[in-house]
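Any chance you could fold what I've pasted below:
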Amino acid sequence: MNMSDVKTKAKGLGIDPGKMKKPDLICAIQTAEGYAACYGKSNGECPYSNCCFRQDCLKVEVKVGV
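Got it, this is the predicted structure:
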């Protein structure tokens with residue numbers, strides 16, 4: 001999902017994307033949708049088969065604190 005789509009989804013959930021980075025914004029969306037804020041932290045495994053970010057997430061590893 002590209003950043004424009006992520007921002008649109010966020011706005012639809014009442015989240016102001018402002019200048020949030022994509023991983024942070026996706027985590028905010030995940031929280032709003034009732035999922036754990038786990039984007040990029042899956043290590044190749046994810047129990048949330050209905051999360052719309054799942055396929056992208058399994059390919060990404062977000063480095064925390066960088």
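
how about the CA coordinates for the strand or helix carrying Q55, as CSV?
Element membership of Q55, judged by DSSP states H and E, is helix 54-59. Output in CSV follows, covering the C-alpha atoms of helix 54-59 (Å, rounded to 0.1, in the frame of the first residue of the first chain):
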residue,chain,number,x,y,z
ARG,A,54,-0.2,-8.1,6.4
GLN,A,55,1.4,-8.9,3.1
ASP,A,56,3.5,-5.7,3.1
CYS,A,57,4.4,-6.2,6.8
LEU,A,58,5.8,-9.6,6.2
LYS,A,59,8.2,-8.1,3.7
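
Give the buried residues for it.
By 16 or more other C-beta atoms under 10 Å, the buried positions in helix 54-59 come out as D56, C57. Where C-beta positions appear, they are placed from N, C-alpha and C, glycine not excepted.

average pLDDT for that helix?
Mean pLDDT, helix 54-59: 86.

Give me the contacts around it.
Helix 54-59 is contacted by residues M1, I26, C38, Y39, G40, S42, G44, C46, Y48, C51 when judged by C-beta atoms under 8 Å, 6 or more residues apart in numbering.

SS state for the fourth one?
Translated: Y39. coil (DSSP: H, G, I helix; E, B strand; the rest coil).
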